[in-house]
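[1] using only what follows, build the 3D model:
(one chain, ligands or ions: 2)
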Amino acid sequence: MRIYNTMSRTVEPFKSIEEGKVGMYCCGPTVYNYAHIGNLRTYIFEDILRKVLEKDGYAVKHVMNITDVGHLTGDGDDGEDKMSKSAKEQGKSVWDIASFYTDAFMSDISKLNIEKAVVICKATDHINEMIEVIKELERRGHTYTADGNVYFSIDTIDDYGKLARLNLDELKEGARIEVDSAKRNPKDFVLWFTNSKFKDQAMTWPSPWGVGYPGWHVECTAMSMKYLGKHFDIHCGGIDAIPVHHTNEIAQSEAATGEKNWVNYWCHGEFLINDKGKMSKSSGEFLTLSTLIKHGYDPLDYRYLCLGAHYRSQLKFSYEALDHARSARLSLIEKVKALKASANASSTLSEAALKYKGEYDEALDNDLHTPQALATMWSMLKDSSISDTEKLSLVLYMDRVFSLSLDNVEAEERVGSAEDIALLEERSVAKKNKDYQRADEIRKILAERGYTVKDTPSGSILVKTV
Ligand code: AMP
Ligand code: ZN
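    Numbers count the residues shown, from 1 in each chain. Ligands and ions are numbered 1, 2, ... in the order given. From the prediction side, this is the model:
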């Protein structure tokens, strides 16, 4: 399998640190509001990555954090604390806000058939681990305290910004407009706040530097290392995490261990956009999964829409595009229903069927090319040289990654006596011979007997008229 690594800007062959096992950390939601469908696109991409690795035989230890403290509205230590702001607006405690939106998030990902991470860890449960990381950074000389806060000093490392390929000279220029005068370098970032702009901070903990709360970036360093070790395979997120959040995670993690190459593969999903650009919570213009459901869509229509675009391309959301995804998904279900009615017990795959399986595997193993994998699935379903039994077995195999719940599709119920079936077959022959009059007569006879004739991709069948 090959995957694009943001660090090298190339598609690289994937090789895990430990044979057959993968450690994968995904930055999780900040639980101060509902996830929007742009956020959910990123979690769908991560789910596909995990399932492709599993398809290829890896046991994936997927870890995701829940940011329930310390994330300011700006990524660079500016703005308000997102949790406190939301709690104030809704007249609830920050703990209630966190618990409510965590549940809402879990419910959304389950509706999208996103497999739950093996470890889901809350920032507030790992304050001690964060303090330990900061202590280690302090011991190694990477921190300073100014104006009551503990900062990470980026000038103490020689490769700050390598993921985003930041130009440090340009950063120096930026110093002139820096607002936080306590920072020695404008790109230094807070590890621990004691002297916060928000005196009434609801969530605070004692620490060697005083009562306060952690910066956002340090949480991912502390939790990923706790569950995956000091060196692991994959770290994921949306592309907006590259210039600040992931850049700072790398800086402090590698400074804390004194080793380079903390993570081997950095994988980022592109944005979902709308007419106004990136869908974002702060712009106020965002759609949730519940809104789509209210409009009559199935969450899996949205999953299908996401599968139709490569994860490294922007995807423009429109209801028209979602309608197309819905009709494609519904016709897929119709096909699977018919296949379930006509397929026999599974048998070995013919060479032609194996070719489709190979094309599908290759598409996904080539940097998760889901649009290509979907196209292969449709070509296979339309190919008359492949038996219904093979089609069913292949489509269910493919759905292990697509995750469109095809397993749960009920077989179209076969009804009718031998005589009715004989009539049905006679109608098919009549239709083939363009004898539409006879075909119509038979349809009427069958209707009088209480059956509706349904033409499906794998032939005509009878269903009870309701
Ligand atoms: P947040 O809950 O804001 O921390 O975001 C959760 C995840 O969604 C992060 O990995 C972000 O990078 C990602 N994300 C934010 N906006 C978008 C968007 N419009 N499209 C895709 N992913 C996004
Ligand atoms: Zn993170």
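[2] for the helix or strand hosting L49, what is the average pLDDT?
    If you go by DSSP states H and E, L49 is part of helix 37-55. For helix 37-55, the mean per-residue pLDDT is 98.
[3] close to ligand 1, is it?
    Yes. With Cβ under 6 Å from any ligand atom as the criterion, ligand 1 is reached by helix 37-55 at G38, N39, R41, T42. Where C-beta positions appear, they are placed from N, C-alpha and C, glycine not excepted.
[4] would you map the strands across the stretch 1-150 of the chain?
    2-5, 10-13, 21-26, 59-66, 119-122, 143-146, 149-152 (DSSP state E, counting those that start in this stretch).
[5] now swap in the stretch 151-300 of the chain and tell me
    Under DSSP E, counting those that start in this stretch, the stretch 151-300 of the chain gives strands at 189-193, 213-214, 232-238, 263-269, 272-274, 277-278.
[6] out of these, nearest to ligand 1?
    strand 232-238 (2.1 Å; Cβ to the nearest ligand atom).
[7] strand partners (parallel or antiparallel) of that closest one?
    strand 21-26 (parallel), strand 263-269 (parallel) (DSSP bridges).
[8] extract the CA atoms of that strand and return them as PDB.
    Taking C-alpha atoms only, strand 232-238 is exported to PDB below (Å, rounded to 0.1, in the frame of the first residue of the first chain):
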ATOM      1  CA  PHE A 232       4.700   5.500  15.900                       C
ATOM      2  CA  ASP A 233       3.500   5.000  12.300                       C
ATOM      3  CA  ILE A 234       0.700   7.500  11.300                       C
ATOM      4  CA  HIS A 235      -0.600  10.800  12.500                       C
ATOM      5  CA  CYS A 236      -3.700  12.200  10.800                       C
ATOM      6  CA  GLY A 237      -5.800  15.300  10.700                       C
ATOM      7  CA  GLY A 238      -7.300  17.900   8.400                       C
END
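[9] do it and ligand 1 meet?
    Yes. In terms of Cβ under 6 Å from any ligand atom, part of strand 232-238 sits within range of ligand 1, namely G237, G238.
[10] strand 59-66 and that strand, what's the angle between them?
    Direction vectors for strand 232-238 and strand 59-66, defined by axes from the mean of the first three to the mean of the last three Cα atoms, to 10 degrees, enclose an angle of 40 degrees.
[11] related to what we said a few turns ago, now render the strands of the stretch 151-300 of the chain as a markdown table, adding mean pLDDT and distance to ligand 2.
    Formatted as a markdown table, the strands of the stretch 151-300 of the chain follow (pLDDT from 0 to 100; distance: least, Cβ to the ion, whole Å):
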| stretch | mean pLDDT | distance to ligand 2 |
| --- | --- | --- |
| strand 189-193 | 94 | 13 |
| strand 213-214 | 92 | 12 |
| strand 232-238 | 98 | 6 |
| strand 263-269 | 98 | 11 |
| strand 272-274 | 92 | 19 |
| strand 277-278 | 82 | 18 |
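[12] would you turn the ones you listed into CSV with distance to E54 and mean neighbour count?
    What follows is those, written out as CSV (distance: least, Cβ to Cβ, whole Å; neighbours: other Cβ atoms under 10 Å):
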stretch, distance to E54, mean neighbour count
strand 189-193, 35, 26
strand 213-214, 33, 26
strand 232-238, 13, 24
strand 263-269, 16, 22
strand 272-274, 25, 20
strand 277-278, 30, 14
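[13] all helices of the stretch 301-450 of the chain, in order?
    319-342, 351-365, 370-382, 388-402, 418-432, 436-448 (DSSP state H, counting those that start in this stretch).
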